[in-house]
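the sequence isn't on hand, but the structure is:
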């Protein structure tokens, strides 16, 4: 087995944050305006992970730079699919959003586990927010 890039490990960790289960309610609904757009990107990641849609994660949710880094270990879709398989089911809840220009940080916690919150870094590309880094990676 070839070593996987650190960024892929971060993707796997992000997808596995919550362990198992999925919420029917969206944490994005707690926010308005641009903050809601950022939180919705995290929600989209959760839904794509639950649907095992690695292609959507790579093409619509991750930043170009993060995709490039993941592809150092293989195809983005292949590497993310492996991360999804290792993660199992998950739930991500956005608790806070901070925006500075075209960059944002979403504080994300797994389900109800307040102890394991992690920052997701996002960047605005082509008019959409995309995940650029997980958990300070």
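Arrived safely. Please read all numbers here as calculations on a predicted model, not as lab measurements.

which residues in the chain form helices?
6-16, 33-50, 54-56, 64-70, 76-87 (DSSP state H).

least confident of these, on average?
Of all the helices of the chain, the minimum mean pLDDT falls on helix 6-16 (a mean of 58).

residue 128: which of the helices of the chain is closest?
Checking the helices of the chain against residue 128 by C-beta to C-beta gives helix 33-50 as the closest, at 7.6 Å. Just so you know, the C-beta spots here come from the backbone N, C-alpha and C atoms, and that holds for glycine as well.

now the closest one, how far from the centre of its chain.
8 Å (C-alpha atoms, centre = their mean, to the nearest Å).

same question, stretch 71-91
In terms of C-alpha atoms, centre = their mean, the centre of stretch 71-91 is found 11 Å from the chain centre.

right, and the helices of the chain - which one's nearest residue 94?
helix 33-50 (4.1 Å).

could you check the angle helix 76-87 makes with the closest one?
Computed with axes from the mean of the first three to the mean of the last three C-alpha atoms, to 10 degrees, the direction of helix 33-50 lies at 80 degrees from that of helix 76-87.
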